[in-house]
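A.B. asks: Attaching a predicted model along with its sequence, questions to come.
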Amino acid sequence: MPSEHVLIVVPSLTHTVSAAVMHLAAASQRFNIPRRFTVRTLAGLKGYDFVRNCAVQSFMAGDYDRLWMIDDDIMPTEDVFALLDVDADIVAPLMPTLKWDMGENTFNFHVAYAAGRYSDINDLSTAVDIDISGGGVVDVDMVGTGCTIIRREVLEDPRMCYDASDLEDDEPRPIFRYHRKSNGAHKRGEDEDFCVRAKLLGYSVKLHTGIETGHRDQIDIAHVMKMRRHYEALASHNPVAEAI
């Protein structure tokens, strides 16, 4: 196993860090994993694209070989160390996320995984099913960046950098960018955008289906129901809409 220096960065917009990151750092010592790890937290920054660019900036300033981003709501176990043995430029585990929708009198939820493959990577409109049952490493077009390892070559590539002419003085080199439509609606996340651009440049993007690390997701159903009543009241022009 090669000797390398890995920078673990925990982007946090909530000023919290999962205790699982502490256990991950402890496990790296307990299992005598022959790699150097540096752990750093970036807290309270402007948004996930901004904080990820700050993580890249911090990474580029050191002698690190790979950047490992672990979001503050991720709960990794020592299984994720196997990601370091995958020959890939970008690699991530399965990261299940809770998705929900609401019917007239029901609240439904399902699990979605932060990974994707497309029938046309230049279009991104048609997703292709990924077989996650085998427990192996599969080639994909994008992974979420919640628990993702990236090689230095990808981040050094000037083709991965957006035009920096419109940046404010305090903004780092823009590699990650969150995209919205003109009306403000979500169009493409910074994770999908980053991975697809890297894939189109020839870098490998892999998903390890044998490793799963969950999000610390919580949905306040009472608050969601209150939101629905509020917007239903507004839609019916009821002046007594509840404050949320």
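C.D. replies: Thanks, I have it.

A.B. asks: looking at the protein, which helix or strand is least sure?
C.D. replies: None of the helices or strands of the chain scores lower by mean pLDDT, DSSP states H and E than strand 186-188, at a mean of 63.

A.B. asks: May I have whichever helix or strand comes after that one as PDB, with CA atoms only?
C.D. replies: Toward the C-terminus, strand 186-188 is succeeded by helix 190-200 as the next helix or strand (DSSP states H and E). Output for helix 190-200, consisting of C-alpha atoms alone and laid out as PDB, is shown next (Å, rounded to 0.1, in the frame of the first residue of the first chain):
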ATOM      1  CA  GLU A 190     -21.900  21.300  -7.200                       C
ATOM      2  CA  ASP A 191     -21.200  17.600  -6.800                       C
ATOM      3  CA  GLU A 192     -22.800  16.500 -10.100                       C
ATOM      4  CA  ASP A 193     -21.300  19.400 -12.000                       C
ATOM      5  CA  PHE A 194     -17.800  18.700 -10.600                       C
ATOM      6  CA  CYS A 195     -17.900  14.900 -11.300                       C
ATOM      7  CA  VAL A 196     -19.400  15.200 -14.800                       C
ATOM      8  CA  ARG A 197     -16.800  17.800 -15.900                       C
ATOM      9  CA  ALA A 198     -14.000  15.600 -14.500                       C
ATOM     10  CA  LYS A 199     -15.400  12.500 -16.300                       C
ATOM     11  CA  LEU A 200     -15.600  14.400 -19.600                       C
END
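
A.B. asks: Go through helix 190-200 and flag the buried ones.
C.D. replies: Of the residues in helix 190-200, 190-199 count as buried by neighbour count, 16 or more other CB atoms under 10 Å. For the C-beta atoms, the positions are set from N, CA and C on the backbone; glycine is no exception.

A.B. asks: what about the longest helix in this protein?
C.D. replies: helix 221-235 (DSSP state H).

A.B. asks: Could you list every helix and strand in contact with that one?
C.D. replies: Applying 3 or more CB pairs under 8 Å, 6 or more residues apart in numbering; DSSP states H and E, we find helix 221-235 packed against strand 96-102, strand 107-113.

A.B. asks: Quick check: closest non-adjacent residue to the residue nearest the centre of the chain.
C.D. replies: For the chain, the residue nearest the mean C-alpha position is T145 (2.4 Å; CA atoms, centre = their mean). Excluding the flanking residues, the one nearest T145 by CB to CB, 6 or more residues apart in numbering is D191, at 4.2 Å.

A.B. asks: And for D65?
C.D. replies: Take D65 and drop its neighbours on the chain: the residue closest to it by CB to CB, 6+ apart is E4, 4.0 Å away.

A.B. asks: isn't the one you found right next to D63, touching?
C.D. replies: No - counting by CB atoms under 8 Å, E4 does not reach D63; the two are 10.0 Å apart.
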